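>>> sequence plus the predicted model coming up.
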Amino acid sequence: MYRYDQYDQAMVDARVAEFRDQVARRLAGKMNDDQFKPLRLKNGLYLQLHAYMLRIAIPYGTLNSGQMRTLAHIARRYDKGYGHFTTRQNIQFNWIKLAEAPDILADLARVEMHAIQTSGESIRNISADPYAGAAADEICDPRPWAELLRQATSFHPEFSYLPRKFKIAVIAAEVDRAALRWHDCALRIVTNAAGEQGFEVYAGGGMGRTPMIAFKIRDFLPAGQIFSYLQAILRVWNLHARRDNIHKQRMKILVHTLGEDAFRTEVEAAFTHILTLGSDFPAAEYDRIAAHFTPPPFDADAPDDMDLSDPDFARWVARQVVAHKMPGYAIVNISLKPVGGIPGDVSADQMDAIADIAQKYSFDDLRSAYTQNLVLPHVRKADLFAVWQALKAINLVDTNRDQITDIIACPGLDYCSLANARSIPLAQKIAQRFADPAVGDDIGDLNIKISGCINACGHHHAGHIGILGVDRKGIENYQLLLGGSGAEDISAAKITGPGFDEDGVVDALERAVNAYRAQRTPGERFIDTYRRVGMDGFKEAIYG
Amino acid sequence: MILISGNDLASGAVTWWTGTGWSHHFGDAVDVAGDGAAIIAAEEAACRVNGAAVVEADAAGMPRHIKDRIRAAGPSVRIDLGINPAVPAVLAGQ
């Protein structure tokens, strides 16, 4: 993984010192909240319902064990013993004291982490395939490009006061494990007919109150020109964005307003000009960064076979373990979705244990996924049983990847000051209703995604079944949506009709699932059946 | 009733206006009637509270809106972390 050099460390340390001074001035009454709020947001510090919340960046979802242990330390020392992995591969802590925030940032800086650009109108944490560097289906590791763009855009003056937040994702496989085209700028590394690697570029995606899927703006961009092209996109947005209306500031609105062709024309014109300025990075800089992502020292003789005689272990392997690019190795998905638990929550003790497992069995490498799960990217197949037992000791061997109980849910009204309704209790009720593993297996792949407000942190637009919490005259109400996807078969979900109360929406969801089971043809997933029969095929079952 | 609630500047913890200061227990909150704006302005200017706002409550002092009841009780999914003793009742508005 990328390791800080002296300049990286100096920048992060300086930011900690600066924020310590800002906090001291705020606590001393020398700044009011209007003055302080933009400063704390630039350091990932929000004020939520019960306390300050600190969102910490996990660049492209990559962590080492020392970093995970530091997160455990923060959970234990400064919070209430747990952290919450988010839908953008970050982690957030819900019970932070303002006076202690600078100390937390200092602890993070010691392990090359920070909370910069996890909030505010900036380029947020760049997300990537959580299987990067391990996936059997990738054409290269996308993380060096994500890191290069992270370095190129951090603290960049042109991107420091953007019209609104801006999200980038990078992958290098056909299978999309990063919700790629739901981002403002989506990059898929591809190989052209000449055998050269470059980017398929998409622009204008985003969820929120106006869900839009990014359109392809470039079929192929030479890899070495990516920073110029990204600059061009941002420059056009900066020039035209509706800074007068917060609901119209995201780039997707501009793309929609101008139209795809006009937006592309403007970007290409800006790109042509920026290319002449020579602001792209020399190949040596890419090589410097890529050297941090060389594959770990795999054992070429690692055995490929496994003893699957334990049925529980075999079931876990079948559901949670996927193919690795190296024979004898596997990718392990750690479910953070125990039935009745809180999606994405991990205790400090679990974090420490996961760090130990990653250090011992996965070349000190851990990943967070946007699905609010964790990944051990490089595990010898011969070690899988030991890993399973170690995870079992910390109650993290749920076998539900991509199934009905693997639910994405935002913190919702239990924590979030923006939320209109609770998300987590719904996720718990749904998981409990479908807790029987045999039922989960029968239903098959089914992504449920729940947001507690229109901002869509729970990705409800991208759920095979989505749920959106709304405030109906002070009462929590839930809209049901069907037909979304965050994968390579991307689509935006549609609202079924009138909303439900908390219990009612769980019942309605069950009726939708039963309608699927009644109508499916062999091999069809829920989303396939929905696409074949349409909303009408479900509506009568849902509303009777 | 009209209550005032905000967050403690240093800790971020939920606080309620008691008439003379701030308490973490919503049961200590008092009816401020039409004085909310003036109290909020004074307390925020003195940096004693953050994000203060008026909260509508019923005659018994129970916040009417679920968001305010969750602020009073703590997260409904981690009632072990709440600071008020009757969390389920508060969440139910009873």
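Cool, got the structure.

>>> quick one: the helices in chain B, in order.
Applying DSSP state H to chain B gives helices spanning B:36-45, B:66-73, B:87-91.

>>> what about the second one, average pLDDT?
So the one you mean is helix B:66-73. Computed over helix B:66-73, the mean pLDDT rounds to 92.

>>> check which helices and strands it sits against.
Secondary-structure packing of helix B:66-73 (3 or more CB pairs under 8 Å, 6 or more residues apart in numbering or on different chains; DSSP states H and E): strand B:2-7, strand B:14-17, helix B:87-91. For glycine as for every other residue, the C-beta is placed from the backbone atoms N, C-alpha and C.

>>> among these, show me which one is buried the most.
By mean neighbour count, with neighbours taken as mean count of other CB atoms under 10 Å in any protein chain shown, strand B:14-17 ranks first of the helices and strands packed on helix B:66-73 at a mean of 26.

>>> what's that strand in contact with?
A:49-50, B:3-8, B:22-26, B:28-30, B:32, B:39, B:43, B:49, B:52, B:71-72 (CB atoms under 8 Å, 6 or more residues apart in numbering or on different chains).

>>> of the residues you listed, grab the buried ones for ChimeraX.
In ChimeraX, this line selects whichever of these come out buried by 16 or more other CB atoms under 10 Å in any protein chain shown:
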select /A:49,50 /B:3,4,5,6,7,8,22,23,26,28,29,30,32,39,43,49,52,71,72
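
>>> could I have the CA atoms of the worst-scoring helix or strand of chain A on mean pLDDT written out in CSV?
In chain A, the helix or strand scored least confidently by mean pLDDT, DSSP states H and E is helix A:33-41, which has a mean of 93. Only the C-alpha atoms of helix A:33-41 are listed here, as CSV (Å, rounded to 0.1, in the frame of the first residue of the first chain):
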residue,chain,number,x,y,z
ASP,A,33,-20.2,28.4,15.0
ASP,A,34,-20.7,30.1,11.6
GLN,A,35,-17.0,30.8,11.5
PHE,A,36,-15.9,27.4,12.9
LYS,A,37,-18.3,25.1,11.0
PRO,A,38,-16.5,25.2,7.6
LEU,A,39,-13.2,24.6,9.3
ARG,A,40,-14.3,21.5,11.2
LEU,A,41,-16.0,20.2,8.1
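
>>> go through it and flag the buried ones.
Buried, per 16+ other CB under 10 Å, within helix A:33-41: A:Asp33, A:Phe36, A:Lys37, A:Leu39, A:Arg40, A:Leu41.

>>> the bottom helix or strand of chain B by mean pLDDT?
helix B:87-91 (a mean of 67).

>>> for stretch A:15-28, the averaged confidence score.
Throughout stretch A:15-28, pLDDT has a mean value of 97.

>>> kindly apply the preceding question to stretch A:127-134 instead.
pLDDT averaged over stretch A:127-134 gives 98.

>>> and that stretch, how far from the chain's centre?
Taking CA atoms, centre = their mean, to the nearest Å, one finds stretch A:127-134 lying 11 Å from the centre of the chain it belongs to.

>>> got the residues of chain B near chain A?
B:7, B:9-14, B:44-47, B:50-51, B:64-67, B:70-71, B:74-78, B:81 (CB under 8 Å from any CB of the partner chain).

>>> repeat that for 6 Å
Residues of chain B lying close to chain A (CB under 6 Å from any CB of the partner chain) are B:7, B:10-14, B:47, B:50-51, B:65, B:70-71, B:75-77, B:81.

>>> tell me which two of the residues you listed sit farthest apart.
Greatest spatial distance in those: B:Cys47 and B:Val77, 32.1 Å, computed using CB to CB.

>>> wait, what's in contact with A:His256?
For A:His256, the contact set (CB atoms under 6 Å, 6 or more residues apart in numbering or on different chains) is empty.

>>> and with 10 Å instead?
Going by CB atoms under 10 Å, 6 or more residues apart in numbering or on different chains, A:His256 touches A:Gly204, A:Thr210, A:Met212, A:Phe215, A:Lys248, A:Arg250, A:Phe263.

>>> what's the local residue count around residue 51?
Since no chain was named, I'll use chain A. Using other CB atoms under 10 Å in any protein chain shown, A:Ala51 has 23 other residues around it.

>>> sorry, should have said chain B
B:Gly51: 16 neighbours (other CB under 10 Å).

>>> centre of the chain versus stretch A:184-195, how much separation?
For stretch A:184-195, the distance to the chain centre is 21 Å (CA atoms, centre = their mean).

>>> got the buried residues for the lengthiest helix in chain A?
Using DSSP H, we find that the single longest helix of chain A is helix A:6-27. Going by neighbour count (16+ other CB under 10 Å), the buried part of helix A:6-27 is A:Asp8, A:Val12, A:Asp13, A:Arg15, A:Val16, A:Phe19, A:Gln22, A:Val23, A:Arg26.

>>> which residue is the nearest non-sequential neighbour of the fifth one?
Right, the one you point to is A:Val16. A:Leu105 (4.6 Å; CB to CB, 6 or more residues apart in numbering or on different chains).

>>> which residues sit against stretch A:266-286?
In contact with stretch A:266-286 (CB under 10 Å, 6+ apart) are residues A:144-145, A:147-149, A:151-152, A:201, A:203, A:217-218, A:221-237, A:239-240, A:254-255, A:258, A:287-290.

>>> so which of those residues are in strands?
Under the assignment DSSP state E, the contacts of stretch A:266-286 contribute A:Val201, A:Ala203, A:Ile217, A:Arg218, A:Leu221, A:Pro222 to strands.

>>> I figured the second one hits A:Leu258, correct?
No - in this structure, A:Ala203 sits apart from A:Leu258 without contact. The criterion is CB atoms under 10 Å, and the distance is 11.1 Å.

>>> who has more neighbours out of the two?
Set A:Ala203 next to A:Leu258 and count neighbours by other CB under 10 Å: A:Ala203 wins out with 27 against 16.

>>> retrieve the pLDDT associated with the more buried one.
Per-residue confidence at A:Ala203 stands at 98 (pLDDT).

>>> from A:Ala179, how far off is it?
Distance, A:Ala203 to A:Ala179, by CB to CB, to the nearest Å: 15 Å.

>>> using PDB, write out every CA atom in stretch A:86-99.
Taking C-alpha atoms only, stretch A:86-99 is exported to PDB below (Å, rounded to 0.1, in the frame of the first residue of the first chain):
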ATOM      1  CA  THR A  86     -19.700   3.800   5.600                       C
ATOM      2  CA  THR A  87     -21.100   3.400   2.100                       C
ATOM      3  CA  ARG A  88     -18.000   5.200   0.700                       C
ATOM      4  CA  GLN A  89     -15.400   2.900   2.200                       C
ATOM      5  CA  ASN A  90     -14.700   5.300   5.100                       C
ATOM      6  CA  ILE A  91     -15.300   4.900   8.800                       C
ATOM      7  CA  GLN A  92     -17.000   7.200  11.200                       C
ATOM      8  CA  PHE A  93     -17.200   7.600  14.900                       C
ATOM      9  CA  ASN A  94     -20.400   8.900  16.500                       C
ATOM     10  CA  TRP A  95     -19.500  10.100  19.900                       C
ATOM     11  CA  ILE A  96     -16.500  12.500  19.500                       C
ATOM     12  CA  LYS A  97     -15.800  15.400  21.800                       C
ATOM     13  CA  LEU A  98     -14.600  18.500  20.100                       C
ATOM     14  CA  ALA A  99     -11.800  19.100  22.600                       C
END
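
>>> is any part of it close to chain B?
Yes - counting by CB under 10 Å from any CB of the partner chain, chain B has neighbours in stretch A:86-99: A:Asn94, A:Trp95, A:Ile96, A:Lys97, A:Leu98, A:Ala99.

>>> coming back round to it: between the ones in strands among the contacts of stretch A:266-286, which sits nearest chain B?
Of all the ones in strands among the contacts of stretch A:266-286, chain B sits closest to A:Ala203, with 35.7 Å by CB to the nearest CB.

>>> name the nearest residue to the closest one, ignoring sequence neighbours.
A:Ile217 (4.6 Å).

>>> low-scoring pLDDT stretches of the chain, where are they?
Assuming you mean chain A. Within chain A, not a single segment meets pLDDT under 70.

>>> not quite, I wanted chain B
Applying pLDDT under 70 to chain B flags the ranges B:83-89, B:93-94.

>>> check contacts around A:Leu149.
The contact partners of A:Leu149, by CB under 10 Å, 6+ apart, come to A:Tyr60, A:Ile123, A:Ile126, A:Ile168, A:Val170, A:Cys185, A:Leu187, A:Ile226, A:Phe227, A:Leu230, A:Phe281.
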